[in-house]
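**Student:** Generate a structure from the sequence data that follows.
(one chain, ligands or ions: 1)
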Amino acid sequence: MRISDFQIQQVNSRIDALIAADNFYGKKLKAAGITGISSADDFEALPFSEKSDLRDAYPLGLMTAPEDQIVRIHSSSGTTGLPVIIPYTRKDVEDWAIMFKRCYEYAGVTNRDRIQITPGYGLWTAGIGFQAGCELLGAMAIPMGPGNTEKQLKMMVDMESTVLCSTSSYALLLSEEIEKRGIRNQIKLKKGIIGSERWSDKMRKRISESLGIELYDIYGLTEIYGPGIGINCKYNTGMHCWNDYLYIEIIDPKTLRPVPDGEFGEIVITTLVKEGAPLIRYRTHDLSRIIPGECPCGSKHVRLDTIMGRTDDMMKIKGVNVFPSQIEEVLQSFPEASSEYQIRISHLDGKDTMRIYVEASGSVNFQDLADRIAVKVKSAIGFTPIVKVVENGLLPRSEKKTKRVIDERYD
Ligand code: ZN
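**Tutor:** This is a model prediction of the structure:
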């Protein structure tokens with residue numbers, strides 16, 4: 001789906017605002033001689049923006065609305081160096097809540113629900129977005145924030161929470177604790193809204209069956225409002241992303257050209273109405289595809305497939321490009337393996353080595369399973385890893401994102 005005429009007008013109004021603000025990004029556009037666009041071709045010729053650009057604008061170089069209109073900032077973590085600061089106007093904050101309310105509605109959450117929110121509150125946006133959408137919907141927020149599993153479970157039981165908002169790792173941890181304590185029959189959860197990391201179908205199935213709940217994937221990133229810019233509907237055919245606030249493209253990360261709907265590539269997002277810090281053609285480095293055709297729910301909002309990983313997740317091992325999702329796909333095909341695994345890459349005696357630790361689910365011959373996994377991984381990526389099968393529950397669980405790939409080559 002190419003950019004519509006109406007969306008082109010919206011982009012032009014953002015370009016005008018950036019140039020008028022004469023900020024970091026406005027100066028860049030001016031220097032490139034860009035004053036506006038009149039066609040989809042023009043749009044596709046606009047320069048991309050990158051996280052490194054946003055970092056260069058630290059601290060407030062992205063601010064596009066006058067300061068008296070800025071009501072809040074959020075920040076995204078930098079794994080290297082400076083963080084990125086995103087200013088929000090009142091309208092941006094309201095728009096975000098409207099989008100988030102829509103996410104809850106697509107998941108069938110109503111004002112009779114009690115929503116336990118476990119993402120953190122603070123500079124990194126997550127929790128506050130879940131909260132604002134919940135209040136706008138009229139549901140009851142239980143603003144827990146992360147961690148303290150003991151207290152989470154007590155509140156979940158006592159408050160009779162019906163919706164759990166969390167990362168997939170934390171949902172798994174909670175479901176295991178619930179099983180361990182035998183309190184499943186005291187839990188009233190119906191739905192889980194799960195965000196912010198790639199997760200396998202196997203893990204999804206495990207959480208969903210253990211807790212007996214429906215799961216929804218929510219998408220978002222701090223640079224673009226935060227979580228809540230898209231979610232799957234009950235037909236589970238991809239995450240609907242809000243066309244009235246965003247324009248989504250998928251590009252080939254090598255040629256940087258948009259790819260046809262249905263093909264995998266990198267997600268690039270343009271904010272259509274954001275005031276505090278509009279972004280044009282922002283490269284997310286998330287890998288997915290636009291799902292072609294129409295959703296049975298009738299919604300016209302564009303659909304993104306599950307996030308496959310990140311362009312920078314790509315590991316170069318023994319000269320071969322490997323994505324963690326390729327390993328995950330192989331592991332998923334073994335019912336004897338649990339959803340949990342860890343990949344460790346090291347450099348020994350002048351050679352790269354990949355070790356894969358996999359948890360067994362149930363009783364199985366560990367060595368035999370390891371050998372069969374190694375054969376299948378080789379046929380997927382071209383070389384044989386060292387596979388170790390370990391007991392269920394041995395690999396680390398996390399309250400945030402589980403680190404599954406550990407590259408020890410550059411320590
Ligand atoms: Zn739908």
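**Student:** Which pLDDT value belongs to the residue of the stretch 101-250 of the chain found nearest the ion?
**Tutor:** Closest approach between the stretch 101-250 of the chain and the ion, counting by CB to the ion: residue 233, at 3.3 Å. To be clear about C-beta, it is placed using only N, CA and C from the backbone, and glycine gets the same treatment. Here the pLDDT value assigned to residue 233 is 97.
**Student:** Now do the contacts for it.
**Tutor:** Residue 233 makes contact with 106-107, 240, 295, 297, 299 under the criterion CB atoms under 8 Å, 6 or more residues apart in numbering.
**Student:** change it to 7 Å
**Tutor:** Neighbouring residues of residue 233 by CB atoms under 7 Å, 6 or more residues apart in numbering: 106, 240, 295, 297, 299.
**Student:** For the protein, list the residue farthest from the centre, please.
**Tutor:** The C-alpha centroid of the chain is most remote from residue 349, which lies 37.3 Å away (CA atoms, centre = their mean).
**Student:** what's the pLDDT at it?
**Tutor:** Confidence score, pLDDT, at residue 349: 83.
**Student:** what does residue 149 give?
**Tutor:** Here the pLDDT value assigned to residue 149 is 96.
**Student:** Reduced to three states, what does residue 398 come out as?
**Tutor:** Under DSSP: H, G, I helix; E, B strand; the rest coil, the three-state class of residue 398 is coil.
**Student:** I'd assumed residue 171 was in contact with it.
**Tutor:** No - with contact defined as CB atoms under 7 Å, residue 398 does not reach residue 171; the gap is 11.3 Å.
**Student:** Show me the shaky parts of the stretch 51-200 of the chain.
**Tutor:** Scanning the stretch 51-200 of the chain for pLDDT under 70 picks out 78-80, 196-197.
**Student:** Do a quick rundown of the strands in it.
**Tutor:** 70-76, 84-89, 114-117, 140-143, 163-166, 191-195 (DSSP state E, counting those that start in this stretch).
**Student:** Rebuild the ones you listed as CSV, extending it with distance to the ion and mean neighbour count.
**Tutor:** Shown next, in CSV, are the strands of the stretch 51-200 of the chain (distance: least, CB to the ion, whole Å; neighbours: other CB atoms under 10 Å):
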stretch, distance to the ion, mean neighbour count
strand 70-76, 28, 18
strand 84-89, 28, 22
strand 114-117, 21, 23
strand 140-143, 25, 18
strand 163-166, 19, 29
strand 191-195, 16, 24
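**Student:** Dump the ones you listed to a markdown table, plus distance to residue 329.
**Tutor:** Converted to a markdown table, the strands of the stretch 51-200 of the chain look like this (distance: least, CB to CB, whole Å):
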| stretch | distance to residue 329 |
| --- | --- |
| strand 70-76 | 29 |
| strand 84-89 | 32 |
| strand 114-117 | 32 |
| strand 140-143 | 36 |
| strand 163-166 | 24 |
| strand 191-195 | 20 |
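**Student:** Which one, of those, ends up nearest to residue 64?
**Tutor:** The closest of the strands of the stretch 51-200 of the chain to residue 64 is strand 84-89. By CB to CB, the value is 7.8 Å.
**Student:** quick one: strands adjacent to that closest one?
**Tutor:** Pairing partners of strand 84-89, with direction, according to DSSP bridges: strand 70-76 (antiparallel).
**Student:** Residue 398 and residue 171 - which one has more neighbours?
**Tutor:** residue 171 (27 against 16; other CB atoms under 10 Å).
**Student:** ok, the more buried one - contacts?
**Tutor:** 164, 192, 194, 207.
**Student:** Can you list the neighbours in contact with stretch 119-134?
**Tutor:** 74-77, 96-97, 100-101, 103-104, 115, 117, 141, 143, 145-146, 165-166, 196, 222, 226-228.
**Student:** cool, stretch 22-38 as well?
**Tutor:** Identification of contacts with stretch 22-38 by CB under 7 Å, 6+ apart yields 8, 11-12, 15, 18-19, 43, 46-47, 56-57, 61-64.
**Student:** Then stretch 325-340?
**Tutor:** For stretch 325-340, contacts defined as CB under 7 Å, 6+ apart pick out 200-203, 206, 308-309, 341, 343, 356, 358-362, 364, 369, 373, 376-377, 380-381, 392, 395.
**Student:** Next, the closest residue to residue 47 other than its chain neighbours: phi, psi?
**Tutor:** Nearest in space to residue 47, with sequence neighbours left out and distances taken as CB to CB, 6 or more residues apart in numbering, is residue 32 at 6.1 Å. Dihedral pair for residue 32: phi -90, psi 0, per degrees, to the nearest 10.
**Student:** ok, how many other residues are close to residue 32?
**Tutor:** Neighbour tally, residue 32, other CB under 10 Å: 10.
**Student:** next one: residue 127
**Tutor:** For residue 127, the neighbour count with other CB under 10 Å is 22.
**Student:** Which of the three states applies to the residue nearest to residue 172 when sequence neighbours are not counted?
**Tutor:** Of all residues not flanking residue 172 in the chain, residue 207 sits nearest, at 5.6 Å (CB to CB, 6+ apart). Here residue 207 is recorded as helix under three-state DSSP.
**Student:** go on, residue 286?
**Tutor:** Residue 286 - assigned by three-state DSSP - is strand.
**Student:** how far away is the closest residue to residue 372 other than its chain neighbours from residue 169?
**Tutor:** In space, and not counting its chain neighbours, residue 372 is closest to residue 334: 7.3 Å by CB to CB, 6+ apart. Going from residue 334 to residue 169 by CB to CB, to the nearest Å gives 21 Å.
**Student:** Neighbour count: these two, which is higher?
**Tutor:** Shown here are residue 334 and residue 169; by other CB under 10 Å, residue 169 has more neighbours (24 against 18).
**Student:** ok so, going back, so which of the contacts of residue 233 belong to helices?
**Tutor:** residue 106 (DSSP state H).
**Student:** Residue 216 contacts residue 193, correct?
**Tutor:** Yes - counting by CB under 7 Å, residue 193 is a contact partner of residue 216 at 5.1 Å.
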